[in-house]
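Engineer: need a structure here:
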Amino acid sequence: MTASPWHPPVRLAFATALLPLLAVHACYLLAASLGHVDWCIPYLDGCSSISKTGRRFPEYLLFKGTMIPAALLMILYWRACGRWLQTLESVGSRSARSIPVLGLVSGGFLIVYTVALGHHGDEFRLLRRLGVILHFSTGYLAALLLTARVQDLWRSGRLQLPPGIVYGLWACCSLVLLIGLVHLVAEALDPAYDSWEDAVEWNVALFINLHYFLVARMWQVARSVRVGVESAAPN
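Structural biologist: Numbering: from 1, shown residues only. Got it, this is the predicted structure:
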């Protein structure tokens, strides 16, 4: 009697992509409607950081009430990514072992950042700074490792996917890196460029969430291919 195959949690991946995206936009709309931040297109104007959308009451409650669960979803999502890779590889790769650890660190520091948000003092400011940097950097590394392994599996024929998904995953990773590098260079050349740091944060968060969404779509397609192959196999 063979064990049933493990299928990746597609709904978990979609929830990981959508919850933080919907949460920050809902917080921004609420904060702007109350006059706590300016009305603008934050991806272009950088008129408000993501943090500012959740610093004051009542958006403060909405931000914390959604971002902590979002962080927990991210931890579960990256754990699922590692397990999924292990099901496709005869010997667990270093990436399959590293990705859940990076995801745990990323989600953990998102919780640290969220808890510290809204509190005053140098200690809380430091926690917020560390939380944002380590959340984004470790989450990006996990996404990069996952994308590289997906490409290897796809090229070797062990994973059947539309090329657009693989290229889309790389596009998200590349755009995050490009945005970060351009920001660092511009900030070094022009100190006044600090005013665009908030827009950078919004765009980086957007492409990371799009990466989650593409992984969810990848799992949908990969699962349907696998189920189709199994149903076509002789009894």
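
Engineer: which non-adjacent residue is nearest Leu144?
Structural biologist: Nearest residue to Leu144, sequence neighbours excluded (Cβ to Cβ, 6 or more residues apart in numbering): Cys173, at 5.3 Å. For every residue, glycine as well, the C-beta is placed using N, CA and C.

Engineer: any idea how far Asp152 is from the one you found?
Structural biologist: Counting by Cβ to Cβ, to the nearest Å, the separation of Cys173 from Asp152 is 15 Å.

Engineer: which helix in this structure has the most residues?
Structural biologist: Using DSSP state H, we find that the single longest helix of the chain is helix 197-232.

Engineer: quick one: buried residues of it?
Structural biologist: For helix 197-232, a neighbour-count test (16 or more other Cβ atoms under 10 Å) marks 198-219, 222 as buried.

Engineer: on the three-state scheme, Phe57 is what?
Structural biologist: Classification of Phe57 by DSSP: H, G, I helix; E, B strand; the rest coil places it in coil.

Engineer: if we can go back for a sec, distance from the chain centre to the longest helix of the chain, please.
Structural biologist: 10 Å (Cα atoms, centre = their mean, to the nearest Å).

Engineer: so which elements touch it?
Structural biologist: Identification of packing neighbours for helix 197-232 by 3 or more Cβ pairs under 8 Å, 6 or more residues apart in numbering; DSSP states H and E yields helix 10-33, helix 42-45, helix 59-88, helix 122-155, helix 163-189.

Engineer: poorly predicted segments of the protein, please.
Structural biologist: 1-5, 90-92, 190-195, 223-235 (pLDDT under 70).

Engineer: picking up where we left off before, quick one: the residue nearest to Leu144 from Glu59, how far?
Structural biologist: In terms of Cβ to Cβ, Cys173 sits 31 Å off from Glu59.
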